[in-house]
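K.L.:
coords below, sequence missing:
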């Protein structure tokens, strides 16, 4: 059998690979946490206002042609 001589401590499969993987995971963690903080700040400054639905529940229809007039792309 042939001996595996391509192993090395600082090769991509050694410490270098581990450091690259760790840096990648920490970067992903940082991005997701920062996005979560931004979203939470937006939610805290502009909370959901259920008043239009609660004030007139009789006007809410499950199936209606009037639902087509609402622009869902607006935020």
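P.N.:
That came through fine. Computed from a predicted model, the values in this text were never measured in an experiment.
K.L.:
ok, longest helix in the chain?
P.N.:
Secondary structure of the chain per DSSP state H: the longest helix is helix 15-45.
K.L.:
which residues of the protein score low on pLDDT?
P.N.:
Within the chain, the stretches with pLDDT under 70 are 1-2, 4, 6-11, 50-62, 64, 67-68, 70-75.
K.L.:
Residue 34: neighbour count?
P.N.:
Other residues lying near residue 34 total 10 when counted by other Cβ atoms under 10 Å. Every residue, glycine included, has its C-beta placed from N, CA and C.
K.L.:
With the one 3 residues further on instead?
P.N.:
Neighbour count of residue 37, defined by other Cβ under 10 Å: 10.
K.L.:
for the one 4 residues further on, same thing?
P.N.:
Residues near residue 41, counting by other Cβ under 10 Å, number 10.
K.L.:
just residue 16 next, same as before
P.N.:
13.
K.L.:
Also residue 63?
P.N.:
Other residues within reach of residue 63, judged by other Cβ under 10 Å, total 5.
K.L.:
Name the SS class of it, please.
P.N.:
Using DSSP: H, G, I helix; E, B strand; the rest coil, the secondary structure recorded for residue 63 is coil.
K.L.:
now residue 49
P.N.:
Classification of residue 49 using three-state DSSP returns coil.
K.L.:
show me what contacts it?
P.N.:
Applying Cβ atoms under 8 Å, 6 or more residues apart in numbering to residue 49 gives no contacts.
K.L.:
likewise residue 46?
P.N.:
Residues in contact with residue 46 (Cβ under 8 Å, 6+ apart): none are found.
K.L.:
Distance of it relative to residue 40?
P.N.:
Distance, residue 46 to residue 40, using Cβ to Cβ, to the nearest Å: 12 Å.
K.L.:
do residue 29 as well
P.N.:
Using Cβ to Cβ, we find residue 29 at a distance of 16 Å from residue 40.
K.L.:
what do you get for residue 69?
P.N.:
As judged by Cβ to Cβ, residue 69 and residue 40 stand 32 Å apart.
K.L.:
How many residues are close by residue 26?
P.N.:
Residues lying near residue 26 (other Cβ under 10 Å) number 10.
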